[in-house]
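Chemist: Give the three-dimensional model of this entry:
(2 chains)
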Amino acid sequence: EADIYQTPRYLVIGTGKKITLECSQTMGHDKMYWYQQDPGMELHLIHYSYGVNSTEKGDLSSESTVSRIRTEHFPLTLESARPSHTSQYLCASSETGTLAKNIQYFGAGTRLSVL
Amino acid sequence: GESVGLHLPTLSVQEGDNSIINCAYSNSASDYFIWYKQESGKGPQFIIDIRSNMDKRQGQRVTVLLNKTVKHLSLQIAATQPGDSAVYFCAENSGGSNYKLTFGKGTLLTVNP
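Modeler: Prediction:
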């Protein structure tokens, strides 16, 4: 059972609002990730972090930003939400080390709807 | 760019039958693969993994087969149960030592009672 938590689970918000999606893990993992997933579709990496004060953009361009001030916390922020941001956002974490430690453990996701 | 994809978007089986979910990958340098199960309203859950120096790995009721010659990965589920109904994704380590996963399109498995 993965100890990685995302809040809120569901968020409906108006265009132009600033939002922060929270992600926390209690496993002490160095690596954390954010994915965007549309219904029934594959996951696209939008941000990742290999440790405190380390953040990188993923393969899919995103207007969101992330920060990693603490090992266990990896929040994602949208400064001005738009309907095109409507999607599910999944957070994951993994250890550092050999290939087998690359297993990513996922939170339950935040389903965002921007009106 | 490199990609991981699935042959069949949906699979419907009878309870008790065996299920086979297929995945094609294009990055011949990929050295590690993972199968995930995603139930409705939940995040992906790890099922089984395999390194590129293996061609088969077994878990509890699941087996992953890797054919590097044709760059093909499959997940076999024995005695499929209604609780196995979910979307299944394969993922490959596309980042080398950076360990980034690239996910393929999912296959929806429906188990009929």
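Chemist: May I have the secondary structure class of the residue of chain B found nearest chain A?
Modeler: Residue nearest to chain A within chain B: residue B:43 (3.3 Å; Cβ to the nearest Cβ). (Each C-beta comes from the backbone N, C-alpha and C, glycine too.) Secondary structure state of residue B:43, per DSSP: H, G, I helix; E, B strand; the rest coil, is coil.
Chemist: measure the most centrally placed residue in chain A to residue A:95 for me?
Modeler: For chain A, the residue nearest the mean C-alpha position is residue A:34 (2.9 Å; Cα atoms, centre = their mean). Here the criterion is Cβ to Cβ, to the nearest Å. By it, residue A:34 lies 18 Å from residue A:95.
Chemist: Residue numbers of chain A in contact with chain B?
Modeler: For chain A, the contact set with chain B under Cβ under 8 Å from any Cβ of the partner chain comprises A:2, A:6, A:31, A:35, A:40-45, A:48, A:58-59, A:90, A:92, A:94, A:99-100, A:102-109.
Chemist: so what's the residue of chain A found nearest chain B up against?
Modeler: Nearest to chain B, among the residues of chain A, is residue A:106, at 3.3 Å (Cβ to the nearest Cβ). Residue A:106 makes contact with A:2, A:4, A:90, A:91, A:92, B:36, B:43, B:44, B:45, according to Cβ atoms under 8 Å, 6 or more residues apart in numbering or on different chains.
Chemist: Residue A:83 against residue A:16, yeah?
Modeler: No: between residue A:83 and residue A:16 there is no contact under Cβ atoms under 8 Å: 10.8 Å.
Chemist: which residues do the two both contact?
Modeler: Shared contacts of residue A:83 and residue A:16, defined by Cβ under 8 Å, 6+ apart, are absent.
Chemist: Below-threshold pLDDT in the chain: ranges please.
Modeler: With no chain named, the answer covers chain A. Low-confidence segments of chain A, defined by pLDDT under 70: A:1-2, A:99-101.
Chemist: please go with chain B instead
Modeler: Using pLDDT under 70, chain B drops low at B:1-8, B:95-98.
Chemist: And the strands in it, which stretches?
Modeler: B:4-5, B:10-14, B:19-25, B:32-38, B:45-51, B:56-58, B:62-67, B:72-77, B:86-93, B:101-103, B:107-112 (DSSP state E).
Chemist: number of nearby residues for residue B:87?
Modeler: 21 (other Cβ atoms under 10 Å in any protein chain shown).
Chemist: Let me see the contact set for it.
Modeler: Contact analysis of residue B:87 by Cβ under 8 Å, 6+ apart lists A:40, B:37, B:38, B:39, B:106, B:107, B:108, B:109.
Chemist: can you list those in JSON lines and add neighbour count and distance to residue B:54?
Modeler: What follows is the contacts of residue B:87, written out as JSON lines (neighbours: other Cβ atoms under 10 Å in any protein chain shown; distance: Cβ to Cβ, whole Å):
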{"residue": "A:40", "neighbour count": "10", "distance to residue B:54": "30"}
{"residue": "B:37", "neighbour count": "22", "distance to residue B:54": "21"}
{"residue": "B:38", "neighbour count": "20", "distance to residue B:54": "24"}
{"residue": "B:39", "neighbour count": "13", "distance to residue B:54": "27"}
{"residue": "B:106", "neighbour count": "25", "distance to residue B:54": "24"}
{"residue": "B:107", "neighbour count": "21", "distance to residue B:54": "22"}
{"residue": "B:108", "neighbour count": "16", "distance to residue B:54": "27"}
{"residue": "B:109", "neighbour count": "21", "distance to residue B:54": "24"}
